[in-house]
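Chemist: everything below, folded, please.
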Amino acid sequence: MHMDENGKAQMDESMKNLVYNTLAGFERGIINEYLAFSAISMAAVGGEYPPAMYYLSQFYHLGIGCDIDEQKSLGMLKQSAAGGVAEAQYRLGLCYHNGDRLPQDLEKAARWLTSAAEQGHQDAADLLADCRLRGTG
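Modeler: Have a look, this model is predicted:
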C-alpha cells in the first residue's frame, strides 16, 4: 500500500497520540501494564514509529506487561536509536560505555552519545564531555 506524505503525517500524529496517551494513562494508574504493553506494541508494529520502538524496548527490558526479553529489548533499542530517537541513542551509548547489556565499546558509545547530544540531550552531552575530559570518548 502506498501512502502519500499527508497520510504518513496523519499516521505519525496518530501514533504519537497513542503512545503519549498510553504512557500518561499508565503513569497515572488508569491503564494497566498489559494494556499499555499492547497499545505500545501496536504503535511499534513494523518499526515505522521509532519512539514507540524505544518505549517497547523499555517494556521488554523491565518486564512491564510482558516477560523480560533482553534480546528483543536491545534489538528495539538499536532500531529506535537508528531511527533518531535521542533518548534511545543516549541509552544505547550508555550500554556501550558501561559494558551493560552489550560488550563495552567506547567508539560506539561516543558515536551514539554524540548523536543524542546533537539533538539536545543534556545527559548525553554531559557524559560525552566527561569522557573526553578523561580521554575515553
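Chemist: which helices and strands sit right next to the longest helix seen in the chain?
Modeler: Scanning the chain for the helix with the most residues, using DSSP state H, yields helix 5-27. Helix 5-27 is packed against helix 33-44, helix 50-62, with contacts defined by 3 or more C-beta pairs under 8 Å, 6 or more residues apart in numbering; DSSP states H and E. Backbone N, C-alpha and C define where each C-beta goes, glycine included.
Chemist: how far off centre is it?
Modeler: 15 Å (C-alpha atoms, centre = their mean, to the nearest Å).
Chemist: one step back: return the member of the helices and strands packed on helix 5-27 having the minimum mean pLDDT.
Modeler: Lowest mean pLDDT within the helices and strands packed on helix 5-27: helix 33-44, at a mean of 92.
Chemist: got the angle between it and helix 50-62?
Modeler: Angle of helix 33-44 versus helix 50-62, following axes from the mean of the first three to the mean of the last three C-alpha atoms, to 10 degrees, is 140 degrees.
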